[in-house]
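Asker: no sequence for this one, just the structure:
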């Protein structure tokens, strides 16, 4: 099969799973960044600072694993995107951290309570622009713009190898943004003490989220938008708070993405089990529910199996510490119990930097035989 | 019937808690008695968390409320005064700068009657060893959010063993990615993925210690 046919066949396999149909076999998608640096023996400081080399390392890693159907996102230098999604500074290897230490969000109370008023007065775009410049700094806007220039080349490089890139733009809810900027403890306190103000700020913020992301994703002909959730998980918040500050915004984002003709890839870290049934209100056969090993994936199958494609969830710790047999057996169990329709085999969150290559290969082998 | 203050803390009625504290203080109720009532309220919050009635959001709020209440009492309480269980040294392992989860655990432990020594984030092995020598804790808690921290936690436990400090010490690990496999790999005595679990495990360790 030539690379163009391979690309087409792999995409079709994935799209069938998303549409809740039965593909020829369970598709398997990889998601990693720092793991590629480790496997290709590249310093993390180089990986985050050299877009070209990081893409080459990621493609090389994909081939070293062998047999998978797609890569979730194709670029390795995601540190600027992290700063946007968390409204926080990110510590970078070779700059703020030793050369081979993983980049990390440096969570601090950068956003102050009075910033909710600023959002209401100035509007979200103006506030966010100045917030990033004033509080995050480090030329993030310039880095993001430069990163955008690399996207077409990055997508071409993957396509030339017959490997689909699944996620285009990424977006999250106002909850996650504010929570990152305010820091968890202060933000939770805001939800109790100034709930109306927080909600008002969320309401003026949300209209600006999906439009540019969907436009960009469509322009690059990538099939899905990554919609992230982590601190807004059901295990963190009481139902009263979750119903008011999380799900309505999540629901709106997903509907807008699907209405734009794209797949919503819900990347959900932490435990969302309590509220799985709520996800039935999202468009049927148009979303991917990506779980990280904390949400009960078997319960997700019971509740949502006939409604949305489930993706996951080999836990990060398993990649790092277990044997290939253990990974293979767990992956096979997922295929048997969650598949064959509407299931994509995947790591829980991304494949960690210290995953053993043979464990990632074992996951893929469970799908490909 | 539970004291009004206990019920107010348990139900997270902030205004009522603070008013009650002021009133008890004006009535010259001994401060330690008031603290005990606050801790009883915190116990109830913990029970409601374990019963699935409360979530992390309520645990966070309760620890903030506890601190506000202690501040109103206007005395500078040493951890030793507030503690009834034992000493807990905590830190995020080197190579990891995440502190939110670790801070929540430290606060909830304090509210539940532990003396907590917080070593911060990115803590080198030597600092853990030195803190154990200095504070002679009953329990050491090592936190990490990254799977790359597993090796560093293992090395830390080994350094503690090599320093001859492991035999009287219980080591707990915590953080999003830890599980029983991680616990065995690192050589810890237990693991938890949330603050209330850490409180439960720690109290159990102290009860076992007291009962020989």
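Answerer: Everything's here; your move. Since the structure is predicted, the reported quantities are computational estimates derived from the model, not experimental observations.
Asker: what segments of the stretch 101-250 of chain A are helices?
Answerer: Taking DSSP state H, counting those that start in this stretch as the test, the helices found in the stretch 101-250 of chain A are A:114-122, A:124-131, A:140-160, A:174-182, A:184-193, A:195-205, A:210-219, A:239-245, A:247-259.
Asker: what comes up buried for the fifth one?
Answerer: Looking back up the chat, that one is helix A:184-193. For helix A:184-193, burial by neighbour count (16 or more other Cβ atoms under 10 Å in any protein chain shown) applies to A:184-192. To be clear about C-beta, it is placed using only N, CA and C from the backbone, and glycine gets the same treatment.
Asker: tell me, which of these make contact with chain B?
Answerer: A:184-185, A:188-189, A:191-192 (Cβ under 8 Å from any Cβ of the partner chain).
Asker: and the pLDDT for residue B:67?
Answerer: Here, the pLDDT recorded for residue B:67 equals 86.
Asker: which helix or which strand is home to it?
Answerer: Residue B:67 is part of helix B:56-73 when elements are defined by DSSP states H and E.
Asker: which strands and helices lie in contact with that helix?
Answerer: The contact analysis (3 or more Cβ pairs under 8 Å, 6 or more residues apart in numbering or on different chains; DSSP states H and E) places helix B:56-73 against helix A:184-193, helix B:4-10, helix B:14-26, helix B:31-50, helix B:100-111, helix B:195-210.
Asker: among those helices, which is nearest residue A:348?
Answerer: helix B:100-111 (18.0 Å; Cβ to Cβ).
Asker: and that closest one, average pLDDT?
Answerer: For helix B:100-111, mean pLDDT rounds to 89.
Asker: what about the chain, any weak spots by pLDDT?
Answerer: Reading this off chain A. The model of chain A has pLDDT under 70 over residues A:76-77.
Asker: other chain: chain B
Answerer: The model of chain B has pLDDT under 70 over residues B:1-2, B:75-82.
Asker: remind me, longest strand of it?
Answerer: Looking across chain B with DSSP state E, the single longest strand is strand B:86-92.
Asker: adjacent strands (with direction) for that strand?
Answerer: Under the criterion DSSP bridges, strand B:86-92 sits next to strand B:114-118 (parallel), strand B:139-143 (parallel) in its sheet.
Asker: burial measure for the residue in chain A that chain B sits nearest to, as a count.
Answerer: Chain A approaches chain B most closely through residue A:352 (4.1 Å), counting by Cβ to the nearest Cβ. Each residue near residue A:352 was counted by other Cβ atoms under 10 Å in any protein chain shown, and the total is 24.
Asker: mind listing what it touches?
Answerer: Contact analysis of residue A:352 by Cβ atoms under 8 Å, 6 or more residues apart in numbering or on different chains lists A:34-35, A:316, A:319-320, B:146-148, B:177.
Asker: so what's residue A:80 up against?
Answerer: A:90, A:140, A:143-144, A:147.
Asker: if we go to 7 Å?
Answerer: If you count contacts by Cβ atoms under 7 Å, 6 or more residues apart in numbering or on different chains, residue A:80 has them with A:140, A:143-144, A:147.
Asker: can I take it that residue A:294 is in a strand?
Answerer: No. In this structure, residue A:294 is coil, not part of a strand, as judged by DSSP: H, G, I helix; E, B strand; the rest coil.
Asker: excluding residues flanking it in the chain, which one is nearest it?
Answerer: Distance criterion Cβ to Cβ, 6 or more residues apart in numbering or on different chains; nearest residue to residue A:294, sequence neighbours excluded, is residue A:271 at 4.4 Å.
Asker: and the one you found, which of the three is it?
Answerer: Going by three-state DSSP: residue A:271 is coil.
Asker: returning to what we had before: looking at the buried residues of helix A:184-193, spot the one nearest residue B:188.
Answerer: Distances from residue B:188 to the buried residues of helix A:184-193, taken by Cβ to Cβ, are shortest for residue A:184, at 24.8 Å.
Asker: got CSV for the helices and strands packed on helix B:56-73, with distance to residue A:201 too?
Answerer: Shown next, in CSV, are the helices and strands packed on helix B:56-73 (distance: least, Cβ to Cβ, whole Å):
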stretch, distance to residue A:201
helix A:184-193, 10
helix B:4-10, 30
helix B:14-26, 22
helix B:31-50, 29
helix B:100-111, 22
helix B:195-210, 28
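Asker: check those for me and report the most buried one.
Answerer: With neighbours taken as mean count of other Cβ atoms under 10 Å in any protein chain shown, the helices and strands packed on helix B:56-73 reach their highest mean count in helix B:100-111, at a mean of 24.
Asker: quick one: list the elements packing against that one.
Answerer: helix B:56-73, strand B:86-92, strand B:114-118, strand B:139-143, helix B:195-210 (3 or more Cβ pairs under 7 Å, 6 or more residues apart in numbering or on different chains; DSSP states H and E).
Asker: can you tell which of the helices of the stretch 101-250 of chain A is closest to residue A:7?
Answerer: Nearest of these (Cβ to Cβ): helix A:140-160, 6.1 Å.
Asker: ok, residues contacting the closest one?
Answerer: So helix A:140-160 is in contact with A:3, A:7, A:51, A:55, A:59, A:71, A:74-75, A:77, A:80, A:83, A:132, A:165, A:220, going by Cβ under 7 Å, 6+ apart.
Asker: make it 6 Å
Answerer: The contact list for helix A:140-160, computed with Cβ atoms under 6 Å, 6 or more residues apart in numbering or on different chains, reads A:51, A:55, A:74-75, A:80, A:83, A:132, A:165, A:220.
Asker: ok, residue A:99 - how many residues close by?
Answerer: 11.
Asker: no, scratch that, I was asking about residue A:336
Answerer: That count, for residue A:336 with other Cβ under 10 Å as the rule, works out to 12.
Asker: ok, back up a step: so the residue nearest to residue A:294 sits right up against residue A:235, yeah?
Answerer: Yes. Residue A:271 is in contact with residue A:235 according to Cβ atoms under 6 Å; the separation is 3.8 Å.
Asker: so the residue of chain A closest to chain B is in which element?
Answerer: Judged by DSSP H and E, residue A:352 forms part of no helix or strand.
Asker: domain parsing for chain B?
Answerer: B:4-77, B:80-210 (automatic domain parsing).
Asker: redo the ones you listed as JSON lines? Include distance to residue A:99.
Answerer: What follows is the domains of chain B, written out as JSON lines (distance: least, Cβ to Cβ, whole Å):
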{"stretch": "domain B:4-77", "distance to residue A:99": "35"}
{"stretch": "domain B:80-210", "distance to residue A:99": "13"}
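Asker: from the contacts of helix A:140-160, which two are the most distant?
Answerer: Distance extremes for the contacts of helix A:140-160: the farthest pair is A:132 and A:165 at 25.9 Å, using Cβ to Cβ.
Asker: find the nearest non-adjacent residue to residue A:74, please.
Answerer: residue A:165 (4.1 Å).
Asker: residue B:129: which element?
Answerer: With DSSP H and E as the test, residue B:129 turns up in helix B:125-135.
Asker: list the buried residues for that helix?
Answerer: For helix B:125-135, using 16+ other Cβ under 10 Å, the buried residues are B:125, B:128-129, B:131-132.
Asker: give me every residue in chain B lying close to chain A.
Answerer: B:55-57, B:60-61, B:64, B:95, B:97, B:100, B:146-148, B:177, B:179, B:181-182, B:185 (Cβ under 6 Å from any Cβ of the partner chain).
Asker: circling back to that earlier point, more neighbours: which of residue A:132 and residue A:165?
Answerer: residue A:165 (22 against 18).
Asker: surely residue B:128 meets residue B:155?
Answerer: No. Look at residue B:128 against residue B:155 with Cβ under 6 Å: they stay out of range, at 10.2 Å.
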